[in-house]
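Visitor: With the sequence up front, the predicted model follows.
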Amino acid sequence: MKMTPRERVMASVNHQNPDSLPMDLGSNVSAGISGMAYGKLKEYLGITTGHNRIYDVVQQVAQPEIQVLDIIGADVLDVGRVFNTEDSDWYDVALSNGVAAQWPDWFRPRHNKDGSYEYFDCEGTLIAKMPNGGMCFDQQYFPYKEDYPENYNDLDKEMGKVIWSAMVHSPWDHSNEKYFWETLRERCLVLKNSTDRALMITCGCNFFEWGTFLRRMENYLMDIYEEPEQVLALNDQLLERHLKNLENTCKYLDGIVDIVRFGDDLGMNNNMFMSLEKYHTLFKPYHTNINEYVHKHSSMKTFLHSCGSIFPVIGDLAEAGFDILNPVQTSAANMDPAKLKQEYGKDITFWGGGCNTRKILNMGTEKEVYDYCRRMIDIFFQDGGFVFNQEHNILGDVPPQNIMAMYKAVEDARR
């Protein structure tokens, strides 16, 4: 029976066999495409209309247009597209590789003589910097770099100075506006009624990552072992804020949005950032809490973006209640796709792993890309539990013909 894209995605997430392989590009800021690559892809496809709009300015990720999603057959939409819809919301720029694009009107970084960009907040704090020729902005301000505060009275203000909040993508760049939640609900309803694609919203709800954003990576990794009580105290504060956000998300978007996306990168290339014991005591209870809240108060599925070598913790992530795991970085150690599917294919949906973005998609031939993707599809797409997506974002060095070879593999697998 022919399914709609939404039905196809949700069937696979529920570990049922859909009518064909579900596929994603751009459902969130870790499953998308760099504006540099997007501009070249449109040129390759002969598309001269529309825009190359960079809705995530930190990673310089473009918002794929419906015309492009129709061509490649993508099944999911990020609801962030319901904001910044007017031409006046954007202005023209040239990206580092010369590709024409647009940045949100609110984003006005300083362009220095050496070609670098710097972004300051309204108080003059240097938030982020992108070097000349760079592909993304790097965090410059770490509020608790020197030490934890005596209390968390200023936590909201300090979180607002972190790059991922100060330069946040839509719809959250409008979250301080009056009637934001009512407007978001109204516009998401319009979107749902105008498309049969699945809808996703990114809600962050990071714990480990917020620790690194606030304390800086090297400090926070030591804290996990030397000051676990401080880690727990911070997590308690974060949980309070995350649950408040999830309360509104469930209240206003249940029945409209299908998937809520969280993020917490737990892995490096060769191993996890911490031992399993530390994950169990410092982070798993909090992950369980946010999943329980969403599942109790809505019908939405929960999606975790977690990079790297995380095989040892996947069972715990499923126990914590995550329905979906992304980006399935098979290029990391101990992330063999066949083993992942065999061990955890019935417990969690793999959203990603479709193409290695480190060596294959960017440096392989079209045939190598196609053959690789077909192998991954054969492994992962058994009894549902798989949505095709590359491993993280398509970066600016990926040739457009390789991108289309990847989608050709999806197209042929659907036949």
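Guide: Right, received. Where do you want to start?

Visitor: wait, doesn't residue 292 sit right on residue 321?
Guide: Yes. Using C-beta atoms under 8 Å, residue 292 is in contact with residue 321, at 6.1 Å. For glycine as for every other residue, the C-beta is placed from the backbone atoms N, C-alpha and C.

Visitor: where does residue 54 land in three-state SS?
Guide: Secondary structure, DSSP: H, G, I helix; E, B strand; the rest coil: residue 54 is strand.

Visitor: on that earlier part again, compare residue 292 and residue 321 and say which is more crowded by neighbours.
Guide: The neighbour comparison of residue 292 against residue 321 (other C-beta atoms under 10 Å) goes to residue 321, with 17 against 13.

Visitor: The more buried one and residue 280, how far apart?
Guide: 15 Å (C-beta to C-beta, to the nearest Å).

Visitor: before we move on, what about residue 185?
Guide: Going from residue 185 to residue 280 by C-beta to C-beta gives 37 Å.

Visitor: quick one, which of the two is more surrounded?
Guide: Looking at residue 185 and residue 280 with other C-beta under 10 Å, you find the greater number of neighbours at residue 185, namely 18 against 13.

Visitor: For the nearest residue to that one once chain neighbours are set aside, the count of nearby residues, please.
Guide: The shortest distance from residue 185 to any non-neighbouring residue, by C-beta to C-beta, 6 or more residues apart in numbering, is to residue 252 (4.2 Å). By other C-beta under 10 Å, 19 other residues sit near residue 252.

Visitor: Make sure residue 252 is actually in contact with residue 187.
Guide: No. Using C-beta under 8 Å, residue 252 is not in contact with residue 187; the gap is 10.9 Å.

Visitor: list residues touching both of these two?
Guide: Between them, residue 252 and residue 187 share no contacting residue under C-beta atoms under 8 Å, 6 or more residues apart in numbering.

Visitor: For residue 25, see how far away residue 396 is.
Guide: 15 Å.

Visitor: what does residue 327 give?
Guide: In terms of C-beta to C-beta, residue 327 sits 13 Å off from residue 25.

Visitor: residues shared between the contacts of the two?
Guide: Contact with both residue 327 and residue 25 is made by residues 31, 389, according to C-beta under 8 Å, 6+ apart.

Visitor: per-residue pLDDT, residue 53?
Guide: pLDDT for residue 53: 98.

Visitor: I'd like the distance from the one helix or strand residue 407 maps to to the chain centre, please.
Guide: Using DSSP states H and E, residue 407 falls within helix 400-413. Helix 400-413 sits 22 Å away from the centroid of its parent chain (C-alpha atoms, centre = their mean, to the nearest Å).

Visitor: Regarding the chain, what is its longest helix?
Guide: Identified as the longest helix of the chain according to DSSP state H is helix 228-253.

Visitor: other SSEs contacting that one?
Guide: helix 155-159, helix 180-194, strand 198-204, helix 208-215, helix 217-226, helix 276-282, helix 284-297 (3 or more C-beta pairs under 8 Å, 6 or more residues apart in numbering; DSSP states H and E).

Visitor: How far off centre is the second one?
Guide: Pointing back at helix 180-194 there. Worked out by C-alpha atoms, centre = their mean, helix 180-194 lies 21 Å from the chain centre.

Visitor: before we move on, what about the shortest one?
Guide: With C-alpha atoms, centre = their mean as the basis, the distance from the averaged C-alpha position of helix 155-159 to the chain average is 22 Å.

Visitor: moving C-terminal of that helix, what's the next helix or strand?
Guide: As assigned by DSSP H and E, the chain's next helix or strand after helix 155-159 is helix 163-166.

Visitor: for the record, mean pLDDT for that next one?
Guide: Mean predicted confidence for helix 163-166 is 98.

Visitor: For that helix, which helices and strands make contact with it?
Guide: Here helix 163-166 touches strand 126-130, strand 138-139, going by 3+ C-beta pairs under 8 Å, 6+ apart.

Visitor: Please produce JSON lines containing those, extended by mean pLDDT and distance to residue 401.
Guide: Listed next are the helices and strands packed on helix 163-166 as JSON lines, based on pLDDT from 0 to 100; distance: least, C-beta to C-beta, whole Å:
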{"stretch": "strand 126-130", "mean pLDDT": "98", "distance to residue 401": "28"}
{"stretch": "strand 138-139", "mean pLDDT": "98", "distance to residue 401": "30"}
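
Visitor: so which of those strands is the most packed in?
Guide: Ranked by mean neighbour count, the helices and strands packed on helix 163-166 are led by strand 126-130 with a mean of 19 (mean count of other C-beta atoms under 10 Å).

Visitor: Which strands or helices does it pack on?
Guide: strand 117-120, strand 138-139, helix 163-166.

Visitor: Need the residues that contact the shortest one.
Guide: I take that to be strand 138-139. Contacts of strand 138-139 (C-beta under 8 Å, 6+ apart): 127-130, 162-164, 213.

Visitor: which of these lies closest to residue 98?
Guide: Nearest to residue 98 among those: residue 130, at 15.3 Å, using C-beta to C-beta.

Visitor: what sits against the closest one?
Guide: Counting by C-beta under 8 Å, 6+ apart, residue 130 touches 109, 116-117, 136-138.

Visitor: repeat for residue 370
Guide: Residue 370 sits in contact with 405-406, 408-409, where contact means C-beta under 8 Å, 6+ apart.

Visitor: Against residue 392, how distant is residue 59?
Guide: For residue 59, the distance to residue 392 - C-beta to C-beta - is 10 Å.

Visitor: Near residue 203, how many residues? Count them for me, please.
Guide: Around residue 203 there are 23 other residues, counting by other C-beta under 10 Å.

Visitor: I'd like to know how many residues surround the closest residue to it other than its chain neighbours.
Guide: Using C-beta to C-beta, 6+ apart and skipping residues adjacent in sequence, the residue nearest residue 203 is residue 260, 5.3 Å away. By other C-beta under 10 Å, the residues close to residue 260 number 25.

Visitor: Residue 260 pairs with what?
Guide: residue 201, residue 302 (DSSP bridges).

Visitor: Residue 256: neighbour count?
Guide: When neighbours are defined as other C-beta under 10 Å, residue 256 has 21 of them.

Visitor: Cross-check the contact I'm expecting between it and residue 190.
Guide: No. Counting by C-beta under 8 Å, residue 190 is not a contact partner of residue 256; they are 9.9 Å apart.

Visitor: What does the residue nearest to residue 362 when sequence neighbours are not counted show for phi and psi?
Guide: Excluding the flanking residues, the one nearest residue 362 by C-beta to C-beta, 6+ apart is residue 398, at 4.8 Å. With angles defined as degrees, to the nearest 10, residue 398 sits at phi -80, psi 120.
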